[in-house]
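Fold the stuff below for me.
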Amino acid sequence: MHHLDFLDICAILLGISFTIAKLDAQGRKAENFPNVPVADFERWRAWTMSIYRLGSGICFLRVIFHQGWAVYLGRQTLTPAPGANPAAVPPALMYPAMAMDAVFLAALAITFIRGSRARALRRELGIVLSPLTPQQAAALAPDTEGEAKAKSDD
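Here you go, the predicted model:
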């Protein structure tokens, strides 16, 4: 294995956190949120899972690409151009790695932006992921007793 650079370490840590977020959303069930329509909940869950699937996938792809590219470059026999720095890598061999880093950073930006939008949708729908206090649970619970009392008064 080639050495890990700063972006590799960041990619690994972000990939793990995106995977945890995806698994958290994947494990949620609509039955646990009776105040949210099932179709809206499933739309939020599928969207959130796709966001974090993209984020974690690009993070781990970047690490694998970087390691493979380092092995590939290590097997190349480079002859420096006359007058050039002998340690310099030709630009044609730098472009794929630079393109991968650009795609990685763009995908990270997209993941963070879309993740923020998914959290806003979650709040808008009333999906609360933390444990509820008894007062919050009572406020979100369907008011079946009140409906039954109103019907009996009619």
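
any idea which helix or strand carries the spatially most central residue of the chain?
By CA atoms, centre = their mean, the chain has its centre lying nearest to Tyr52, at 2.5 Å. Using DSSP states H and E, Tyr52 sits within helix 38-74.

and the closest residue in space to Arg114 that isn't next to it in sequence, what pLDDT?
Of all residues not flanking Arg114 in the chain, Ile51 sits nearest, at 4.6 Å (CB to CB, 6 or more residues apart in numbering). The C-beta positions use only the backbone N, C-alpha and C, and glycine is treated the same way. On the pLDDT scale, Ile51 is placed at 96.

can you tell me which residues contact Ile51?
Residues near Ile51 by CB atoms under 8 Å, 6 or more residues apart in numbering: Thr111, Arg114, Gly115, Ala118.

sec struct for Ser130, please.
Look at Ser130: counting by DSSP: H, G, I helix; E, B strand; the rest coil, its state is coil.

Let me know how buried it is, in neighbour terms.
The local packing of Ser130 (other CB atoms under 10 Å) involves 6 other residues.

From Arg43, how far out is Ala11?
29 Å (CB to CB, to the nearest Å).

Looking at the two, which one has more neighbours?
Taking neighbours as other CB under 10 Å, Ala11 and Arg43 compare with Ala11 leading, 25 against 13.

ok, the more buried one to Cys59 distance?
Taken as CB to CB, the span from Ala11 to Cys59 is 4 Å.

Show me the common contact partners of those two, please.
Listed as contacting both Ala11 and Cys59 by CB under 8 Å, 6+ apart are Phe104.

thought Phe41 was touching Arg122?
No: between Phe41 and Arg122 there is no contact under CB atoms under 8 Å: 9.5 Å.

which residues does Asp24 contact?
Leu129.
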